[in-house]
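K.L.:
Here is the input, now give the coordinates:
(2 chains)
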Protein chains: 2
Amino acid sequence: MTDTTDKTEEQLNAEHNAKMAELKAKQDAEVAKRTERRGLTLVHTGDGKGKSTAAFGLALRAAGNGFRVCVVQFTKGSWKTGEGALLKTLPGVDHFIVGDGFTWNTQDRAGDIASAKAGWQVCVDAIEASRGPDPKYHLIVMDELNIILRYDYLPIEPVAEAVRNKPADLHLCITGRDAKPELIEVADTVTEFKKVKHAYDAGVKAMRGIEF
Amino acid sequence: MTDTTDKTEEQLNAEHNAKMAELKAKQDAEVAKRTERRGLTLVHTGDGKGKSTAAFGLALRAAGNGFRVCVVQFTKGSWKTGEGALLKTLPGVDHFIVGDGFTWNTQDRAGDIASAKAGWQVCVDAIEASRGPDPKYHLIVMDELNIILRYDYLPIEPVAEAVRNKPADLHLCITGRDAKPELIEVADTVTEFKKVKHAYDAGVKAMRGIEF
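P.N.:
Have a look, this model is predicted:
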């Protein structure tokens, strides 16, 4: 990044330190401009690994900060027993598994739609219980909700509406590939997890403790 | 996704279930082809939110599965007290903070380089202690190592070499934006966390329990 050919370490250090002081002043000014405080809607989408893992990390971070957290899992697959058990040891975390698995495992569209609707109702109830001065939750994670929306098991409109009308301080985190444009529109922070390469494509099995 | 105009729910269900049975057979055949089992090197890079959060989730998942985990943090910033405290409650997790913060906070290139070298030595020792039949760790997380490499505080060659020569069953997870091509080359699974939108850009402060 720097032309290191003819400079002494002292020169490099001095140049770097001056540049970093400037960068810090710029950063501090940028940070000072951000004054709004409110609950955020985060979306983790894309075909890459880590969407649910990051949501799991977020739930733990929030719980570690004393937040009350609700995790609603629309598929059984993504958060395994080890993680569920860990979540349950934390005070203030509720964990609901409302889906039976990915749709190609169940091969039961009517059953999947019924689970999706029941699961969404759990989310709606959790959001509604988080209004007012003593909210039931500070963060609600809806894991793999995007998959449900993608298969049109639920219409997007009530979901976008719920996000728009959520309690101001409540944080939401919605995961799953193929997030609908209507959801991206109403979300605050959207990250696309993009696969650059994956061990699976090189013939490696999904590894316990890492992939699941 | 499906032409729903003229079909009954029964027809839609039957078509869907047949399609999903086919998809499941294909999936099962693909899964059966993956027979290799080994330790993976994961890289979380890109400008999006969640790289360290996903690594934190991964460390907890691994610990929840009974793995011994080492977390080496090259900057103080990304895993705050709440998370560190949570990690420490888990059996089999060691947590080292080897960096003082982002480089624009310290404005001390010589000090940053010294921290980077000392931090890398912690990683090398952890990797070496994980050889043989009784490995010290099953997963080593090197959080924000990419930042250190990006600023050339450490050369990439010994890092790429260490990844190539790691114990076969050991998992590594390296985070930070701007991962070097040499690292991507030797890694198994690389995810780019891409910012689609971010609350910060809309004037919202970084929120406790969510962003940090």
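
K.L.:
what are the ranges of the helices in chain A?
P.N.:
Here chain A has its helices, by DSSP state H, at A:9-33, A:51-64, A:81-88, A:103-106, A:109-128, A:145-150, A:156-164, A:181-186.

K.L.:
Identify whichever of those lies nearest to B:Pro155.
P.N.:
helix A:9-33 (15.0 Å; CB to CB). The way it works is simple: take the backbone N, C-alpha and C, and place the C-beta from them, glycine included.

K.L.:
for the helices of chain A, which one sits closest to A:Val71?
P.N.:
helix A:51-64 (5.7 Å).

K.L.:
In JSON lines: the helices of chain A, plus distance to A:Pro135.
P.N.:
Formatted as JSON lines, the helices of chain A follow (distance: least, CB to CB, whole Å):
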{"stretch": "helix A:9-33", "distance to A:Pro135": "27"}
{"stretch": "helix A:51-64", "distance to A:Pro135": "13"}
{"stretch": "helix A:81-88", "distance to A:Pro135": "19"}
{"stretch": "helix A:103-106", "distance to A:Pro135": "33"}
{"stretch": "helix A:109-128", "distance to A:Pro135": "10"}
{"stretch": "helix A:145-150", "distance to A:Pro135": "20"}
{"stretch": "helix A:156-164", "distance to A:Pro135": "15"}
{"stretch": "helix A:181-186", "distance to A:Pro135": "20"}
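
K.L.:
Quick check: which of these is buried the most?
P.N.:
helix A:51-64 (a mean of 27; mean count of other CB atoms under 10 Å in any protein chain shown).

K.L.:
what about that helix, distance to the chain center?
P.N.:
Here helix A:51-64 is found 7 Å from its chain centre; the criterion is CA atoms, centre = their mean, to the nearest Å.

K.L.:
what do you get for stretch A:87-98?
P.N.:
That offset, for stretch A:87-98, works out to 16 Å (CA atoms, centre = their mean).

K.L.:
and if you look at stretch A:168-176?
P.N.:
On the basis of CA atoms, centre = their mean, stretch A:168-176 is displaced by 8 Å from the centre of the chain it belongs to.

K.L.:
Ok, stretch A:39-55 next?
P.N.:
4 Å.

K.L.:
What of stretch A:106-123?
P.N.:
Using CA atoms, centre = their mean, the offset of stretch A:106-123 from its chain centre is 21 Å.

K.L.:
cool, stretch A:192-212 as well?
P.N.:
Per CA atoms, centre = their mean, the centroid offset for stretch A:192-212 relative to its chain is 19 Å.

K.L.:
ok, and for that stretch, which residues are buried?
P.N.:
A:192-195, A:197-200, A:204-205, A:207, A:209-212 (16 or more other CB atoms under 10 Å in any protein chain shown).

K.L.:
Enumerate every residue touching A:Leu60.
P.N.:
A:86-87, A:90, B:56-57, B:60, B:83, B:86 (CB atoms under 8 Å, 6 or more residues apart in numbering or on different chains).

K.L.:
Next, format these as a markdown table and append pLDDT and distance to A:Val31.
P.N.:
Putting the contacts of A:Leu60 into a markdown table (pLDDT from 0 to 100; distance: CB to CB, whole Å) gives the following:
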| residue | pLDDT | distance to A:Val31 |
| --- | --- | --- |
| A:Leu86 | 73 | 33 |
| A:Leu87 | 74 | 32 |
| A:Leu90 | 76 | 30 |
| B:Phe56 | 87 | 23 |
| B:Gly57 | 87 | 26 |
| B:Leu60 | 84 | 29 |
| B:Glu83 | 67 | 21 |
| B:Leu86 | 73 | 26 |
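
K.L.:
want to throw those residues into JSON lines with distance to A:Ile97?
P.N.:
Output for the contacts of A:Leu60, formatted as JSON lines (distance: CB to CB, whole Å):
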{"residue": "A:Leu86", "distance to A:Ile97": "15"}
{"residue": "A:Leu87", "distance to A:Ile97": "11"}
{"residue": "A:Leu90", "distance to A:Ile97": "17"}
{"residue": "B:Phe56", "distance to A:Ile97": "22"}
{"residue": "B:Gly57", "distance to A:Ile97": "17"}
{"residue": "B:Leu60", "distance to A:Ile97": "18"}
{"residue": "B:Glu83", "distance to A:Ile97": "25"}
{"residue": "B:Leu86", "distance to A:Ile97": "22"}
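
K.L.:
Out of those residues, which is nearest to A:Asp178?
P.N.:
B:Gly57 (21.3 Å).

K.L.:
So the closest one versus chain A, what's the distance?
P.N.:
Applying CB to the nearest CB, to the nearest Å, the value for B:Gly57 to chain A is 3 Å.

K.L.:
now stretch A:54-65: how far from the chain's centre is it?
P.N.:
On CA atoms, centre = their mean, the centre of stretch A:54-65 falls 10 Å from the chain's centre.

K.L.:
ugh, wrong one, I meant stretch A:20-39
P.N.:
Worked out by CA atoms, centre = their mean, stretch A:20-39 lies 24 Å from the chain centre.

K.L.:
What of stretch A:180-198?
P.N.:
10 Å.

K.L.:
Endpoints of it, how far apart?
P.N.:
Stretch A:180-198 stretches 24 Å from its first residue to its last (CA to CA, to the nearest Å).

K.L.:
What distance do you get for A:Gly203 to A:Glu10?
P.N.:
51 Å (CB to CB, to the nearest Å).

K.L.:
Least confident secondary structure element in chain A?
P.N.:
helix A:103-106 (a mean of 66; mean pLDDT, DSSP states H and E).

K.L.:
On the pLDDT front, check A:Lys76 for me.
P.N.:
With respect to pLDDT, A:Lys76 scores 66.

K.L.:
Pretty sure A:Glu36 sits against B:Lys205.
P.N.:
Yes - shown here, A:Glu36 and B:Lys205 form a contact pair, counting by CB atoms under 8 Å, at 6.4 Å.

K.L.:
near chain B at all, stretch A:143-160?
P.N.:
Yes - interface with chain B: stretch A:143-160 contributes A:150-152 (CB under 8 Å from any CB of the partner chain).

K.L.:
do the same with stretch A:8-28
P.N.:
Yes - applying CB under 8 Å from any CB, one finds stretch A:8-28 in contact with chain B at A:9, A:12-13, A:16-17, A:20-21, A:23-24, A:27.

K.L.:
Quote the end-to-end distance of stretch A:35-52.
P.N.:
30 Å.

K.L.:
Identify the residues contacting A:Val71.
P.N.:
By CB under 8 Å, 6+ apart, the neighbours of A:Val71 are A:59, A:79, A:87, A:93-96, A:140-141, A:143.
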